[in-house]
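In: structure, please.
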Amino acid sequence: MKSHVLQSSAFAAMSALHFLKPEPFDAIIPPFMPGDRRTWTYASGVAEGVVAALIANPETRKLGGRSAVALLLAVWPANFEMARQALQGDGKKRQIISVLRLPLQLPLMMAAAKLGK
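Out: Numbers count the residues shown, from 1 in each chain. Below is the predicted model:
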């Protein structure tokens, strides 16, 4: 499968999840973020949908790749918050997944950056 199809599909799926099941996303909004957590969840869901659409369209794919990198950087604090919460809990599997997810964001950013060239 082509990288742009996979990336666009992944961003579209995550976008939908922000609206269909927002609670897990609300829970990982870092405490330093001002305002309502649900607003941030919906805003990031919209951003993921926009990135998916930009990547899907050959005419906007370059912008989509660059936007994807920016979005992945913007939501990285939520991944840190998820790992922090997991490490304070007692579920080893959740702890491992949450911590390993942090460095796995780098290959995602690199793949998106390739689309942005």
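
In: for residue 11, see how far away residue 5 is.
Out: Counting by CB to CB, to the nearest Å, the gap from residue 5 to residue 11 is 11 Å. C-beta coordinates here come from the backbone N, C-alpha and C atoms, glycine included.

In: between those two, who's got more neighbours?
Out: residue 11 (26 against 11; other CB atoms under 10 Å).

In: please, which helix or strand holds residue 59?
Out: Taking DSSP states H and E as the definition, one finds residue 59 inside no helix or strand.

In: helices of this protein, start to end?
Out: Along the chain, the segments classed as helices by DSSP state H run 3-20, 23-27, 37-56, 61-88, 92-115.

In: can you name every helix or strand that the third one contacts?
Out: I take that to be helix 37-56. Contact analysis of helix 37-56 by 3 or more CB pairs under 8 Å, 6 or more residues apart in numbering; DSSP states H and E lists helix 3-20, helix 23-27, helix 61-88 as its packing neighbours.

In: mind listing what's buried in it?
Out: Neighbour-count burial for helix 37-56, with 16 or more other CB atoms under 10 Å as criterion, is recorded at 37, 40-42, 44-45, 47-52, 54-56.

In: what residue in the chain is the furthest from its centre?
Out: residue 90 (24.7 Å; CA atoms, centre = their mean).

In: how about it, phi and psi?
Out: Per-residue torsions, residue 90: phi -110, psi 0 (degrees, to the nearest 10).

In: same question for residue 116.
Out: phi -80, psi 0.

In: pull the contacting residues for it.
Out: Counting by CB atoms under 8 Å, 6 or more residues apart in numbering, residue 116 touches 62-66, 68-69.
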